[in-house]
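In: I'd like to go over a predicted model; first the sequence, then the structure.
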Amino acid sequence: MKKIILSAALLAGAATQPAFAAGDLFIYTWGEYTPPEMVAKFEKTYDVKVHIDTYDSMETMLAKLKSGAGGYDVIVPGHDTMTILVREGLLEPINVSQMENYNHVDETWRDVFWDPGRVYSAPWAWGSTGFVIDSAVVDGADHSLKTLFEPADAVKGKINMLRDVNDVINMALRYLGKPRCNENPEDLKAVLDLLTTQKAFVKSYNSETKELLASGEAIVSMSWNGYAMRARDEKPTLEYIYPKEGYTGWMDNVAVPKGAKNLENAKLWVNFIMAPENAAMITNYARYSNGIKGSEAFVDKALAGAPELNPPADAPTPEFLTACSPAVTKLYDRVWTKLLR
Amino acid sequence: MSARQLSLSSRVSPRLADLGLLGPAIAVILLFMVAPMAIMFVYSFLQAAPYGGVEWTFTTEAYSSILFERDFLDDSLTFTPDYLIIVARSVCQAGLATLLCLVISVPTAYYIATRPERQKNIWLVLITIPYWVNLLIRTIALLFVLRGDGPINAVLMQFGIISEPLPLSYNGFAVCLGLIYSFLPFMVLPLYSAFERFDFRLLEAAYDLYASRRIAFFRIVLPVMRPGLIAGSLLVFIPSIGSYLAPDILGGGKTLMIGNLIGTQFQSARNWPFGAALSMILLTLTLLVLLWLARRAGQQKSDCR
């Protein structure tokens, strides 16, 4: 009898601890964003087993985090969501600026408004939200949002807009020359009118822009720059446009949610991704720029000169927006509902 | 079987045995149906927290905002048809899908039920085969079939029947087709079992007694079919009205149905109480339809006698 109890206890002990790794790391991030070879390298270096779950929007991530479910050690929030997470006390202060690899972080991304002095987060990747045209069908030489909002006949019915309330409304506000995170009812009325007129020419509101563009279902589509490059791989006539009226810039950051179980492993990961050769893997895989100096040397040649990662000299600088106030979120949702009702 | 039942009831008191047999089902219903609904009900009367979640202050705002909104310009409380339109569209789409499923299913079910025993099983398996594949994958597959570069348009253009691709996808037509495609077997199977139980000698008897085809259908066939018709209609209507995937993928996200509206409230709009209130309304709508059908069925039964 004693023997049985003893072996049962041994079995139970063995079951709770994976035999192949000294620890675990649970990452919650965007899909197709974490290079598998980078994960393999991390697992080998630190003898930690990495588990990855993915989300498709910041709202999904935020909702899961707020509902108390999770058990994640690392999350990858966009810069506007960072502001909310910091304000709501949902992040662990891991003092990124004290980490060994922090000296590789480009100065531009050090004292950022969403995390002054980098207490909570390290830069993962950054990009822009512009639009893509099929240059075989339309001419994008004037780089204007007019292509989307007052479309040429060839484009009518073949426009795709991102399914993202904020991105779409902000783009409309720029076209109208109005400020972003706008609470002014007159301006929002104008936005609704503009988008309603445009809706007649819109094929779909969909965030899978790569597939729509590559298949030719959409001739013009709002898109993130990394996705635009992947689409161009499949269809060389596609061209990413930095709108002259301005466009949104964004940065995803690596942070640790409050109460993470594997805090030390999470810190190891944050430090690990700031090493230039590792950051380069992110760019090579996800096709977005990273914020790490010296990573250029390790980035694929084809990517180094790509127009999607290198805005032309005359393009406006990307606008990094803060999260809009709850009042604005509510107004935007009403515009969106009225548009799609 | 009966011997075992006897021995069970003779050893344990019958009430205790009932409780033991019902226990697992009741536990599942309480845990996975009643509890989440209670949470939804409570949330629908709370205040939305700024970044998702709820604040524990009682308010009926979530319900009033379905019909009334603060005006964009002068902040006065005005009537808004927006959400009613979305609810009405959902009811119409689901109703249309149910009706079309019915039209397709009656002959199908009749055909299968009148086959020899061995063929029946083959047909039934064929009907359920699509269900071995996940709904999301089937919906995306249907999108690829309907799209401008899909096989339907390719074939039609190849033969010169059309010069431009037909607008089959990203519109109401595609949504309706998607709903029918998704839920058709739920209509066929109950109708099949109704037809299968139908005694065709009754029909012969009716004709012998000089009933016209019309009268034979309404007095003999329909009453027997009714349970199958009602069950099938409910099984199609209820998932259709709350459908999320079809409008999202096949409709291109251009028009909302109530399921999408609820999804938006829990995600980008970050208004959980409003989403919860909408869910309660969807539930009420479904229950009303159920009650109406149940009452009608009851009436018909007493009419027959």
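Out: Received the coordinates, thanks.
In: ok, now which ones touch the closest residue to chain B within chain A?
Out: Closest to chain B within chain A is residue A:204: 2.9 Å, counting by CB to the nearest CB. Backbone N, C-alpha and C define where each C-beta goes, glycine included. Neighbouring residues of residue A:204 by CB atoms under 8 Å, 6 or more residues apart in numbering or on different chains: A:160, A:161, A:212, A:218, B:170, B:252, B:253, B:254.
In: then stretch A:114-125 to PDB, C-alphas only?
Out: Extracted in PDB, the C-alpha atoms of stretch A:114-125 (Å, rounded to 0.1, in the frame of the first residue of the first chain):
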ATOM      1  CA  TRP A 114       2.700  55.800 -23.800                       C
ATOM      2  CA  ASP A 115       5.500  54.600 -21.500                       C
ATOM      3  CA  PRO A 116       7.800  57.500 -20.500                       C
ATOM      4  CA  GLY A 117      11.300  56.200 -19.700                       C
ATOM      5  CA  ARG A 118      10.300  52.600 -20.600                       C
ATOM      6  CA  VAL A 119       9.200  51.300 -17.200                       C
ATOM      7  CA  TYR A 120       6.700  48.700 -18.500                       C
ATOM      8  CA  SER A 121       7.500  47.800 -22.100                       C
ATOM      9  CA  ALA A 122      10.000  47.200 -24.800                       C
ATOM     10  CA  PRO A 123       9.500  48.000 -28.500                       C
ATOM     11  CA  TRP A 124       8.400  45.000 -30.600                       C
ATOM     12  CA  ALA A 125       7.600  46.500 -34.000                       C
END
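In: average pLDDT across it?
Out: In this model, stretch A:114-125 has a mean pLDDT of 95.
In: ok, now which ones touch residue A:210?
Out: A:223, A:227, A:228, A:230, A:231, A:234.
In: then residue B:105?
Out: Neighbour list for residue B:105: B:184, B:187, B:188, B:191, B:232 [criterion: CB under 8 Å, 6+ apart].
In: not counting its neighbours along the chain, what's nearest it?
Out: Excluding its sequence neighbours, the residue lying closest to residue B:105 (CB to CB, 6 or more residues apart in numbering or on different chains) is residue B:187, at 4.1 Å.
In: that neighbour and residue B:230 touch, don't they?
Out: No: counting by CB atoms under 8 Å, residue B:187 does not reach residue B:230; the two are 11.1 Å apart.
In: more neighbours, those two?
Out: Applying other CB atoms under 10 Å in any protein chain shown to residue B:187 and residue B:230 shows that residue B:187 carries more neighbours, namely 30 against 18.
In: contact partners for residue 267?
Out: Went with chain A since none was named. Counted by CB under 8 Å, 6+ apart, residue A:267 has contacts A:94, A:99, A:256.
In: can you look at chain B instead?
Out: So, once contact is read as CB under 8 Å, 6+ apart, residue B:267 ends up touching A:57, A:59, A:60, A:63.
In: what do you get for residue B:290?
Out: If you count contacts by CB under 8 Å, 6+ apart, residue B:290 has them with residue B:234.
In: distance of it relative to residue B:284?
Out: Distance, residue B:290 to residue B:284, using CB to CB, to the nearest Å: 11 Å.
In: dump stretch B:135-150 to CSV, restricted to CA.
Out: Coordinates of each C-alpha in stretch B:135-150 appear next as CSV, following Å, rounded to 0.1, in the frame of the first residue of the first chain:
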residue,chain,number,x,y,z
LEU,B,135,-18.9,26.1,-39.8
LEU,B,136,-16.3,28.8,-40.2
ILE,B,137,-14.4,26.8,-42.8
ARG,B,138,-17.6,26.0,-44.7
THR,B,139,-18.6,29.7,-44.7
ILE,B,140,-15.2,30.8,-46.0
ALA,B,141,-15.4,28.1,-48.6
LEU,B,142,-18.8,29.3,-49.7
LEU,B,143,-17.3,32.9,-50.0
PHE,B,144,-14.6,31.6,-52.3
VAL,B,145,-17.2,29.9,-54.5
LEU,B,146,-19.3,33.0,-54.8
ARG,B,147,-16.6,35.6,-55.3
GLY,B,148,-15.8,37.5,-58.4
ASP,B,149,-12.9,35.2,-59.2
GLY,B,150,-14.8,32.1,-57.9
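In: contacts for that stretch, please.
Out: Against stretch B:135-150 from outside (CB under 8 Å, 6+ apart): A:215-217, B:130, B:151-153, B:165, B:168-169, B:174, B:177-178, B:181-182, B:245-246, B:249-250.
In: what do you get if the cut-off is 6 Å, keeping everything else the same?
Out: A:215, A:217, B:165, B:168, B:169, B:174, B:178, B:181, B:245, B:249, B:250 (CB atoms under 6 Å, 6 or more residues apart in numbering or on different chains).
In: name the nearest of these relative to residue A:287.
Out: Nearest to residue A:287 out of these is residue A:215 (CB to CB; 19.0 Å).
In: can you tell me the closest non-neighbouring residue to the closest one?
Out: Leaving aside its sequence neighbours, residue A:215 sits nearest to residue B:149 (CB to CB, 6+ apart; 5.8 Å).
In: separation between the closest residue to chain A within the stretch 151-300 of chain B and residue B:81?
Out: Nearest residue of the stretch 151-300 of chain B to chain A, counting by CB to the nearest CB: residue B:252, 2.9 Å away. As judged by CB to CB, residue B:252 and residue B:81 stand 23 Å apart.
In: how about residue B:105?
Out: Look at residue B:105 and residue B:81: by CB to CB, they are 34 Å apart.
In: again with residue A:304
Out: For residue A:304, the distance to residue B:81 (CB to CB) stands at 54 Å.
In: what's the burial count for residue A:297?
Out: Residue A:297 has 9 nearby residues by other CB under 10 Å.
In: show the pLDDT at it.
Out: 93.
In: ok but it is inside a strand, no?
Out: No: counting by DSSP: H, G, I helix; E, B strand; the rest coil, residue A:297 is not part of a strand but helix.
In: longest strand anywhere in the chain?
Out: I'll assume chain A. Counting by DSSP state E, the longest strand found in chain A is strand A:121-134.
In: you looked at the wrong chain, it should be chain B
Out: strand B:54-58.
In: rewinding a little: what's the helix or strand containing the residue nearest to residue B:105 packed up against?
Out: Here residue B:187, judged by DSSP states H and E, is contained in helix B:172-197. Secondary-structure packing of helix B:172-197 (3 or more CB pairs under 6 Å, 6 or more residues apart in numbering or on different chains; DSSP states H and E): helix B:82-113, helix B:135-146, helix B:222-241.
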